[in-house]
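*Asks:* Got a sequence here, can you model it:
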Amino acid sequence: METTRQRIADVLREEPRTASGIAAELSVPTPTVYEHLEHVSRSVDGEESFLVSPPTCRDCGFDGFDDPLNAPSRCPSCKSERIDEPAFVIR
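*Replies:* Got it, this is the predicted structure:
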């Protein structure tokens, strides 16, 4: 039986996914997925890479968020709350 982290890593090897997408697919709360993603990112071996497409503000396009492994609630540039989630993949 696979652990939740192993299941998340397997899903990310298929195609890019957001934390909410992973949560829905694996029936795990989204905040828990973010916790596991930090560990998954550190456990990827040298033959693979953990890649992150950063969150992006839908209003101004800002994508320079400090922590790409987290879903920001507001854009620091324009203060909009319309933020696209980061996407993750293992290649």
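*Asks:* Where does the closest residue to Val52 other than its chain neighbours fall, secondary structure wise?
*Replies:* Distances taken as C-beta to C-beta, 6 or more residues apart in numbering place Pro68 nearest to Val52, at 4.5 Å, with adjacent residues excluded. Every C-beta, even on glycine, is put in place using the N, C-alpha and C of the backbone. Under DSSP states H and E, no helix or strand contains Pro68.
*Asks:* Near Pro68, how many residues? Count them for me, please.
*Replies:* Around Pro68 there are 17 other residues, counting by other C-beta atoms under 10 Å.
*Asks:* List the backbone torsions phi and psi for Thr56.
*Replies:* phi -140, psi 140 (degrees, to the nearest 10).
*Asks:* now swap in Arg42 and tell me
*Replies:* Dihedral angles (degrees, to the nearest 10) for Arg42: phi -80, psi -20.
*Asks:* Show the model's pLDDT score for it.
*Replies:* Confidence at Arg42, expressed as pLDDT, is 94.
*Asks:* For burial, what's the neighbour tally of it?
*Replies:* Applying other C-beta under 10 Å, we find 8 residues neighbouring Arg42.
*Asks:* And Ser43, by the same measure?
*Replies:* 12.
*Asks:* Am I right that it is in contact with Arg5?
*Replies:* Yes - between Ser43 and Arg5 there is a contact under C-beta atoms under 8 Å: 7.3 Å.
*Asks:* Run through the helices of the chain in chain order.
*Replies:* 4-14, 19-26, 30-43 (DSSP state H).
*Asks:* List the contacts of the shortest one.
*Replies:* Read that as helix 19-26. 4, 7-8, 11-12, 17, 28-30, 32-34, 37, 71, 85-86, 88 (C-beta atoms under 8 Å, 6 or more residues apart in numbering).
*Asks:* can you pull the buried residues of it?
*Replies:* Buried residues in helix 19-26, counted by 16 or more other C-beta atoms under 10 Å: 19, 21-23, 26.
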